[in-house]
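# Build the 3D model from these lines:
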Amino acid sequence: MAERSKRYREAAEKVDRTRRYTVAEAVALLKNLPHAKFNETVEVALRLGIDPKQSDQMVRGSVSLPKGIGKDVRVIAFCEGPQADAAKEAGATEVGGEELAKKIQEGWMDFDVAIAAPDMMRHVGKLGRVLGPQGKMPSPKSGTVTADVAGAVTEFRAGKIEYRADSSGNVHAPVGRLDFEASDLEVNIDAFLAHIRHVRPTAVKGTFLLGGSVTSTMGPGIRLAV
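As a prediction, this is how the structure comes out:
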């Protein structure tokens with residue numbers, strides 16, 4: 001394991017590993033820790049009481065955070081005709097159908113989110129092996145396969161995020177940047193926690209939210225009282 005930096009060790013010493021912090025306490029502590037020289041992303045990680053191998057316990061979707069995520073999200077759209085014009089007006093960086101799918105197959109990945117109209121899935125479906133591992137494959141469950149392509153482009157550019165439980169039942173999501181006001185980070189974290197509680201699969205028995213933490217890109221995790 002690589003040795004942690006002096007800055008990280010100093011930050012870690014200020015975090016009580018035996019304590020679970022409220023969202024407000026965690027954000028206050030996070031903003032007062034030693035930071036990197038760039039504006040770090042703030043991320044929430046949750047451990048869920050699910051069996052990811054069971055399809056009826058999968059947790060995946062999207063949610064619009066009230067205060068956005070402080071990032072210029074690059075969105076592309078698979079659509080044609082009037083939908084393509086509307087997607088461009090909404091801010092999509094690339095728009096197209098078969099030719100856009102071919103561009104991605106050839107290695108172009110300079111985007112964060114891909115939106116697709118339902119009739120475009122005949123082209124997008126071929127990209128599963130490319131986009132799937134990077135979490136960029138359009139899906140109805142995440143709101144990225146939709147008839148309202150322009151609306152989805154607008155939402156994701158404004159701060160709508162996708163999430164998906166990994167093979168260990170953990171969910172990670174960006175909730176802002178370190179330069180956000182503390183109150184804005186709190187609002188986003190609370191909104192994400194409330195959303196995850198709301199999408200609890202009916203097949204899950206027992207405790208759903210087992211634990212959670214908030215951290216910055218280069219900082220230590222701060223345990224949350226979830």
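# pretty sure residue 157 contacts residue 89?
No: counting by Cβ atoms under 8 Å, residue 157 sits too far from residue 89 to count as a contact (11.8 Å). Yep, even glycine has a C-beta here, placed from its N, CA and C like the rest.
# More neighbours: these two, which one.
Taking other Cβ atoms under 10 Å, residue 157 and residue 89 do not tie; residue 157 has more neighbours (20 against 11).
# Let's verify that one: helix, strand, or coil?
Recorded secondary structure, residue 157: helix (DSSP: H, G, I helix; E, B strand; the rest coil).
# Other residues contacting stretch 57-70?
With Cβ atoms under 8 Å, 6 or more residues apart in numbering as the contact definition, stretch 57-70 has outside contacts at 39, 41, 48, 50-52, 139, 141-144, 155-156, 158-165, 171, 174-177, 179-180, 184-185, 187-188, 191-192, 195-196, 199, 201, 203-204.
# Looking at those residues, which are in helices?
Among the contacts of stretch 57-70, the ones falling in helices (DSSP state H) are 155, 156, 158, 184, 185, 187, 188, 191, 192, 195, 196.
# Please list only the buried members of those.
Buried members of the ones in helices among the contacts of stretch 57-70, scored by 16 or more other Cβ atoms under 10 Å, are 155, 156, 184, 185, 187, 188, 191, 192, 195, 196.
# can you pull the contacts of the first one?
What that stands for is residue 155. Contacts for residue 155 were tallied using Cβ under 8 Å, 6+ apart; they are 64, 143.
# Heading C-terminal from the helix or strand encompassing residue 100, find the next helix or strand.
Per DSSP states H and E: residue 100 is located in helix 98-105. Downstream of helix 98-105, the next assigned helix or strand under DSSP H and E is strand 113-116.
# Distance from the chain centre to that next one, please.
On the basis of Cα atoms, centre = their mean, to the nearest Å, strand 113-116 sits 14 Å off its chain's mean C-alpha point.
# now do stretch 4-23
With Cα atoms, centre = their mean, you get 24 Å for stretch 4-23.
# in this protein, which ranges drop under the pLDDT threshold?
Counting by pLDDT under 70, the chain shows low-confidence ranges at 1-2.
# Okay, strands next: where are they in it?
Assigned strands in the chain, in chain order: 41-48, 60-64, 75-78, 94-96, 113-116, 160-164, 170-177, 209-216, 222-223 (criterion: DSSP state E).
# which one of those strands has the most crowded surroundings?
Across those, the average number of neighbours (mean count of other Cβ atoms under 10 Å) peaks for strand 75-78, which reaches a mean of 28.
# packing partners for that one?
Helices and strands touching strand 75-78, by 3 or more Cβ pairs under 8 Å, 6 or more residues apart in numbering; DSSP states H and E, are helix 82-90, strand 94-96, helix 98-105, strand 113-116, helix 149-158.
# Not counting its neighbours along the chain, what's nearest the most centrally placed residue in the chain?
In the chain, the residue lying closest to the centroid (Cα atoms, centre = their mean) is residue 173, at 3.9 Å. Using Cβ to Cβ, 6 or more residues apart in numbering and skipping residues adjacent in sequence, the residue nearest residue 173 is residue 163, 4.8 Å away.
# Can you give me the distance of the one you found to residue 58?
11 Å (Cβ to Cβ, to the nearest Å).
# care to break the chain down by domain?
16-68+161-223, 75-157 (automatic domain parsing).
# quick one: which of these is nearest residue 5?
Closest to residue 5 of the domains of the chain is domain 16-68+161-223 (Cβ to Cβ; 7.9 Å).
# end-to-end on the closest one?
End-to-end distance for domain 16-68+161-223, by Cα to Cα, to the nearest Å: 9 Å.
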